[in-house]
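> from the sequence below, what's the structure:
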Amino acid sequence: MKRILLFLATNVAIVLVLSVTMRVLGVEPYLSANGLNLNSLLIFAAVMGFGGSFISLAISKWMAKKSMGVQVIESPNTATERWLVDTVRRYSEEAGIGMPEVGIFDSPEVNAFATGMSKNSSLVAVSSGLLEQMTRQEAEAVIGHEVAHIANGDMVTLALIQGVVNTFVMFLSRVIGYFVDKVIFKTENGTGPAFFVTMIVAELVLGILASIIVMWFSRQREFRADSGGARLAGRHNMIAALERLNSLHPSPLPDRMAAFGISGGGASGLKRLFLTHPPLSERIQALRDSQ
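Predicted structure coming up:
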């Protein structure tokens with residue numbers, strides 16, 4: 001529920017800022033004297049939808065380092081740091097990707113994440129809690145899972161999916177707003193308050209439905225990353241790592257980083273539709289069934 005409320009608040013802010021800015025600057029490319037220009041609207045929605053998604057992807061490493069307090073290992077100073085860097089390097093070579101930046105963030109929770117603009121410009125970070133509470137074999141499986149995310153291009157894929165749904169949310173919300181303003185409220189000249197109010201409400205509702213689609217893709221990529229981690233570190237080790245996570249019940253990463261972590265919070269009912277990760281029990285069973 002927290003993630004849904006954050007989503008609603010973020011979208012309201014974006015819509016309001018966009019609407020006010022366009023009004024002040026007189027920039028309404030999809031509205032003309034002849035009504036709603038659907039071609040212009042679609043182009044506008046695509047530019048805004050994909051632009052926002054890829055800007056977020058481009059700054060993902062920087063945001064991750066700042067928000068999670070990641071200390072990038074420039075030169076390993078301890079045996080643990082040397083093992084961590086060597087493991088990431090070995091798996092990256094096996095997966096055929098460029099060497100990611102490697103970092104550690106201070107957290108008692110057992111977690112890790114990968115992010116970055118491309119396969120050859122990425123970051124793998126693990127928590128101090130993971131290094132303290134997992135065996136080397138289990139930790140190596142978690143690292144393999146994160147390297148598999150990078151090798152599979154999951155960050156870019158998710159950005160593309162987000163761009164597509166953003167485009168359709170922006171497009172359809174404005175079409176609905178225009179229809180309500182002209183047909184129901186009978187506004188004759190330009191657009192009235194009904195257009196903006198309806199557009200905001202429609203964007204919120206459509207945004208929630210669209211997030212269900214994005215979260216479904218996010219859950220599917222976790223199964224793929226588990227399979228990739230099993231290939232790199234061994235299926236037994238990958239299963240053992242997920243079982244350890246299941247027994248520890250780690251808290252999910254902050255909302256901005258939730259989709260990039262090794263595990264997420266559990267939920268049932270409608271809340272399940274908004275999970276970035278499948279339940280750990282399902283991931284463990286999927287690995288066992290693939291033997």
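
> test my guess that Leu287 contacts Gly228.
No. Using Cβ atoms under 8 Å as the test, Leu287 is too far from Gly228 to be in contact (11.3 Å). Every residue, glycine included, has its C-beta placed from N, CA and C.

> between the two, tell me which one has more neighbours.
Higher neighbour count among Leu287 and Gly228: Gly228, with 23 against 19, using other Cβ atoms under 10 Å.

> is it true that that one lies in a helix?
Yes. Under DSSP: H, G, I helix; E, B strand; the rest coil, Gly228 falls within a helix.

> for the residue nearest to it when sequence neighbours are not counted, identify the helix or strand it belongs to.
The spatially closest residue to Gly228, leaving aside those adjacent along the chain, is Ala148, at 2.5 Å (Cβ to Cβ, 6 or more residues apart in numbering). Applying DSSP states H and E as the criterion places Ala148 in helix 136-151.

> what do you get for His236?
Element membership of His236, judged by DSSP H and E, is helix 235-248.

> mean confidence for that helix?
The average pLDDT for helix 235-248 rounds to 94.

> what packs against the helix or strand following that helix?
Beyond helix 235-248 in the direction of the C-terminus, DSSP H and E gives the next helix or strand as helix 280-289. Helix 280-289 sits against helix 193-233, helix 235-248, with contacts defined as 3 or more Cβ pairs under 8 Å, 6 or more residues apart in numbering; DSSP states H and E.

> which one of those lies nearest to Met117?
Met117 lies closest, by Cβ to Cβ, to one member of the helices and strands packed on helix 280-289: helix 193-233, at 17.0 Å.

> so Ala46 sits against Val165, correct?
No. Applying Cβ under 8 Å, one finds Ala46 not in contact with Val165, separated by 11.7 Å.

> between these two, who's got more neighbours?
Using other Cβ under 10 Å, the more surrounded residue of Ala46 and Val165 is Val165, with 21 against 17.

> how near is the residue lying farthest from the centre of the chain to Ser107?
Residue farthest from the centre of the chain, counting by Cα atoms, centre = their mean, is Glu188 at 41.8 Å. According to Cβ to Cβ, to the nearest Å, Glu188 stands 58 Å off from Ser107.

> quick one: contacts of stretch 226-239?
91, 94-95, 137-138, 140-149, 151-152, 241-242, 283-284, 286-288, 290-291 (Cβ atoms under 8 Å, 6 or more residues apart in numbering).

> just the CA trace of the helix holding His236, in CSV.
Output of helix 235-248 as CSV, limited to C-alpha atoms (Å, rounded to 0.1, in the frame of the first residue of the first chain):
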residue,chain,number,x,y,z
ARG,A,235,21.6,-24.5,-8.8
HIS,A,236,22.1,-25.9,-5.3
ASN,A,237,23.8,-22.7,-4.1
MET,A,238,21.1,-20.5,-5.7
ILE,A,239,18.4,-22.5,-3.9
ALA,A,240,20.3,-22.4,-0.6
ALA,A,241,20.6,-18.6,-1.0
LEU,A,242,16.9,-18.1,-1.5
GLU,A,243,16.1,-20.4,1.4
ARG,A,244,18.4,-18.4,3.6
LEU,A,245,16.6,-15.2,2.5
ASN,A,246,13.3,-16.8,3.1
SER,A,247,14.3,-17.7,6.7
LEU,A,248,15.6,-14.2,7.4
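
> no more questions from me, cheers.
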